[in-house]
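1. how does the following fold in three dimensions:
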Amino acid sequence: MRPISATGISIRKFEWRHDLRQRGFTLFELLIVVAIIAITISVVQLAPGLNDETRDLKRIGKDLGKLFHLLNQEAVFESRNYAISVQDKGFFVLEFNEGNWLPAPDSFFKKIKMTESQSSVLLIEDLIVDISEKNPPEPHILILSSGEMTPFEWRISDKASRSGIVLQGNLLGGVLMTGPEPQT
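-> Numbering: from 1, shown residues only. As a prediction, this is how the structure comes out:
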C-alpha cells in the first residue's frame, strides 16, 4: 500500500529512469525523415513528365487554343477581322486592313513556333487545304468581328514522337484540342 497524505495525494516520490533504450526520436530526426519522404514523392510524381515526348505537341495545342480565344476576343472588342494563314511549319496571323489581308503587327501573335519534326494538315468543310507557303500569305481561318469563325480541323503531327493532336474550331469561335494520340 502506498503512503497517502491527509489530502489523499500520494507522497511517494516518482523516480524517472533515464534509459537509452526507451529514448524517442528528436525533432530534427523527424524533420529529416519527412524531408526525405517529400523529396522521394516529388521525384516519383515528376518522373513521367521528364520523359514525355508529346510535351511539345501539348504545349503547341494549348498555346494555339489560347491564341484563337485571344484573337476572337480582340476581334469582337476592337471590331477587327483576323485570319490565320496555316503554313507547313507554322502560321501567320493576318488582319484585314484597307481591303487587304496583311500580317498582324502585334508581336504576341508570333510567339508559337513549331519544330522541324512537326507538320500540319488543315481541313475546312472536310476538304484538305493547300498550306504551301505563298507570298502574300492567304487567309484560311477567318475570325470575324461578329464573333464568328471558320469551322476547321487542324491536324498537327510530330514525326519524332510519332503522335499528333487535332484542333477543331466551330462557327462560334470555340476551339477543342484532342490528343496527343499515337500515329502510325
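
2. what are the boundaries of the strands in this protein?
-> Secondary structure of the chain by DSSP state E: the strands cover 82-87, 90-97, 100-103, 118-124, 127-128, 141-143, 152-158, 163-169, 175-182.

3. note down every partner strand of the shortest one and its orientation.
-> Here strand 127-128 has these sheet partners by DSSP bridges: strand 118-124 (antiparallel).

4. over to the first one?
-> For strand 82-87, the pairing partners within the sheet under DSSP bridges are strand 90-97 (antiparallel), strand 141-143 (antiparallel).

5. most tightly surrounded among these?
-> strand 141-143 (a mean of 23; mean count of other Cβ atoms under 10 Å). Backbone N, C-alpha and C define where each C-beta goes, glycine included.

6. need the residues that contact that strand.
-> Outside strand 141-143, the residues within contact range by Cβ atoms under 8 Å, 6 or more residues apart in numbering are 68, 71-72, 75, 81-84, 86, 122, 124, 148-150, 152, 154, 169, 173.

7. please repeat the previous calculation with a cut-off of 7 Å.
-> Contact with strand 141-143 is made by Leu71, Asn72, Ala75, Tyr82, Ala83, Ile84, Met149, Thr150, Phe152, Gly169, as judged by Cβ atoms under 7 Å, 6 or more residues apart in numbering.

8. how about the first one, what does it touch?
-> Taking Cβ under 7 Å, 6+ apart as the criterion, Leu71 is in contact with Tyr82, Val93, Ile143.

9. of those residues, which is the nearest to Lys159?
-> Set against Lys159, the nearest of the contacts of Leu71 by Cβ to Cβ is Val93 (25.7 Å).

10. what about the closest one, distance to Lys66?
-> In this view, Val93 and Lys66 are 13 Å apart by Cβ to Cβ, to the nearest Å.

11. next one: Phe77
-> From Phe77 to Lys66 the distance is 16 Å (Cβ to Cβ).

12. now swap in Leu94 and tell me
-> Leu94 is 18 Å from Lys66, where distance means Cβ to Cβ.

13. run the chain-centre distance for the lowest-mean-pLDDT helix or strand in the chain.
-> Lowest on mean pLDDT, DSSP states H and E among the helices and strands of the chain sits helix 27-50, with a mean of 80. Centroid separation between helix 27-50 and its chain, computed with Cα atoms, centre = their mean, to the nearest Å, is 25 Å.
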